[in-house]
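[1] Provide a 3D model corresponding to the input given below.
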Amino acid sequence: MTLEELVACDNAAQKMQMVTAAVEELLVAAQRQDRLTVGVYESAKLMNVDPDSVVLCLLAIDEEEEDDIALQIHFTLIQSFCCDNDINIVRVSGMQRLAQLLGEPADTQGSTEARDLHCLLVTNPHTDTWKSHGLVEVASYCEESRGNNQWVPYISLQER
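    The predicted structure is shown next:
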């Protein structure tokens, strides 16, 4: 491996860490400010009613769920809608970390049913100009990925 290749790999790893941190920061801030829609069904309802308020769509799935055909169909339809409406999309793995970030209870047996975290929408109402460093960073990453013909970039949330 040449020095240029090593530097490029190191830069890519740093960029991925920055984007992952930005996604985590963005999710926490969006939830705190009630700008987060959680769940495939809830997301589809919002996009049908007010697609212009959606600024980011996160599609979350772990490896063991990759074979879930129904979920893949939902994702395909959501991705298509997002592309048609110029909504940034990111595929995410690390459902446990996602649940941790959103304050989901670790053990839901016998209590309430866990929320569907497979689709998350970050919204920015038309009447507000919410600025978030995380949102700017993620939007930049999505744009850069599209420039490299990767229409749905992927990040992995690591457990802590």
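
[2] Which residue is the nearest non-sequential neighbour of Leu135?
    Leu26 (5.4 Å; Cβ to Cβ, 6 or more residues apart in numbering). Glycine gets a C-beta too; all of them are placed from N, C-alpha and C.

[3] So what pairs up with the nearest residue to Arg35 once chain neighbours are set aside in the strands?
    Spatial nearest neighbour of Arg35, chain neighbours left out: Thr123 (5.0 Å); criterion: Cβ to Cβ, 6+ apart. Beta bridges link Thr123 to Val54, judged by DSSP bridges.

[4] okay, now Thr123: neighbour count?
    Neighbourhood size, Thr123 [other Cβ atoms under 10 Å]: 19.

[5] Same check on Leu36?
    Using other Cβ under 10 Å, Leu36 has 19 neighbouring residues.

[6] Can you read off the backbone torsions of it?
    In terms of degrees, to the nearest 10, the main-chain angles of Leu36 are phi -120, psi 130.

[7] any idea which helix or strand carries the residue lying closest to Glu66 once chain neighbours are set aside?
    Sequence neighbours aside, Gln72 is the residue nearest to Glu66 in space, at 7.9 Å (criterion: Cβ to Cβ, 6+ apart). Per DSSP states H and E, Gln72 falls inside helix 69-84.
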